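Visitor: Sequence plus the predicted model coming up.
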Amino acid sequence: MLKELNIALFADADNCGLEYSHFDNTLFQLNEMGNVVYGKIYGVSDRKHKEIINDINKFGFDMAPVMRVKKRGSKVFDNRILIDVMDEVLSNGNIDAVCIVAARADMVPLYSRLHKLGVKIVALDNVDDESLAFVDEVLDIGLVDVIKLPKPATHAAAPETTEKTEETAPDVQNENVQNEVETNAAPAEVEDNGLSEAQSAQSVVSAKPDEDAEILKQIEEVKAQQTPVSNDDEQLLDEIKKLLEEFNTESD
């Protein structure tokens, strides 16, 4: 373990999900390595970090507000830490080690630069293997990265709906076919009815001349059986024939 070092602490409370217990563990382990001569805590708010703010004020650390440009709820590395680390190391020649508690990120450029300046590195183990190779001391503050699993799909009911649609489709089709057959059958019935009526009318019309002929035939037979009649009777018979012809003409 590193000993008797002047340490500069840079911790991101917001993006790292830092609670007071994590912050207190960080200070405890750093005090075993030496003295924390400078500290800056990022993303603190009065609502979520009251106890951390109390310790910040107690030890005289600096504070930085929550990042202004970031997606809500995202855990990203605060790039302000890179600039502040180099400024503090270059401006304060008494810094022997830098402790960074932040979200996962590629820290190789910063760590390699600090090593060239002879500065030790203390950090969490949430960095990639290349960055971890530069770390001189790893902190265990009880902070665990939570991996959010994707939400399960909620479309299980879709196949059932499709199946119901397929089941009802033939019924609708059969109903449409039945309606079409009934529709086509209606004109046929009307046509048959019209044809029957026409045939009946024709039968009536054709029956009238036959009846008239039968009447005239009976008159001729009666006339033949009778004795010769006078001219007046002949005239009367002619008038009857004319009346029958006129009656038939009007009936047509």
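Guide: Looks like it came in fine. Numbering: from 1, shown residues only.
Visitor: mind exporting the helix or strand harbouring Ile83 as PDB, just the C-alpha atoms?
Guide: Counting by DSSP states H and E, the element that carries Ile83 is helix 80-91. C-alpha atoms of helix 80-91 as PDB (Å, rounded to 0.1, in the frame of the first residue of the first chain):
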ATOM      1  CA  ARG A  80     -14.100  18.500 -16.500                       C
ATOM      2  CA  ILE A  81     -12.100  16.100 -14.300                       C
ATOM      3  CA  LEU A  82      -9.400  15.700 -17.000                       C
ATOM      4  CA  ILE A  83      -8.700  19.400 -17.100                       C
ATOM      5  CA  ASP A  84      -8.900  19.900 -13.400                       C
ATOM      6  CA  VAL A  85      -6.500  17.100 -12.600                       C
ATOM      7  CA  MET A  86      -3.800  18.500 -14.900                       C
ATOM      8  CA  ASP A  87      -4.300  22.000 -13.700                       C
ATOM      9  CA  GLU A  88      -3.900  20.900 -10.000                       C
ATOM     10  CA  VAL A  89      -0.900  18.700 -10.700                       C
ATOM     11  CA  LEU A  90       0.900  21.300 -12.800                       C
ATOM     12  CA  SER A  91       0.100  24.200 -10.400                       C
END
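Visitor: Tell me which other helices or strands that helix touches.
Guide: Packed against helix 80-91 by the contact rule (3 or more CB pairs under 8 Å, 6 or more residues apart in numbering; DSSP states H and E) you find strand 5-12, strand 34-42, strand 97-101, helix 108-116. Glycine gets a C-beta too; all of them are placed from N, C-alpha and C.
Visitor: Name the surrounding residues that touch the last one.
Guide: In other words, helix 108-116. Around helix 108-116, the neighbours that count as contacts under CB atoms under 8 Å, 6 or more residues apart in numbering are Leu82, Val85, Met86, Val89, Val98, Ile121, Glu130, Ser131, Phe134, Val135.
Visitor: Buried ones among those residues?
Guide: Leu82, Val85, Val89, Val98, Ile121, Ser131, Phe134, Val135 (16 or more other CB atoms under 10 Å).
Visitor: Can you name the residues bridging to the fourth one?
Guide: With beta bridges defined as DSSP bridges, Val98 has these partners: Ala8, Ile121.
Visitor: mind checking how far it is from Lys40?
Guide: Remark: distance between Val98 and Lys40 (CB to CB, to the nearest Å) = 11 Å.
Visitor: tell me, what's touching these two both at once?
Guide: In contact with both Val98 and Lys40: Phe10, Glu88, using CB under 8 Å, 6+ apart.
Visitor: So of the buried ones among the contacts of helix 108-116, which two are at opposite extremes in space?
Guide: The distance between the two most remote of these (CB to CB) is 17.4 Å, for Val89 and Ser131.
Visitor: Turn the buried ones among the contacts of helix 108-116 into TSV, including pLDDT and distance to Leu236.
Guide: Below are these laid out as TSV (pLDDT from 0 to 100; distance: CB to CB, whole Å):
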residue	pLDDT	distance to Leu236
Leu82	95	142
Val85	97	147
Val89	97	153
Val98	98	150
Ile121	97	150
Ser131	92	142
Phe134	95	148
Val135	95	148
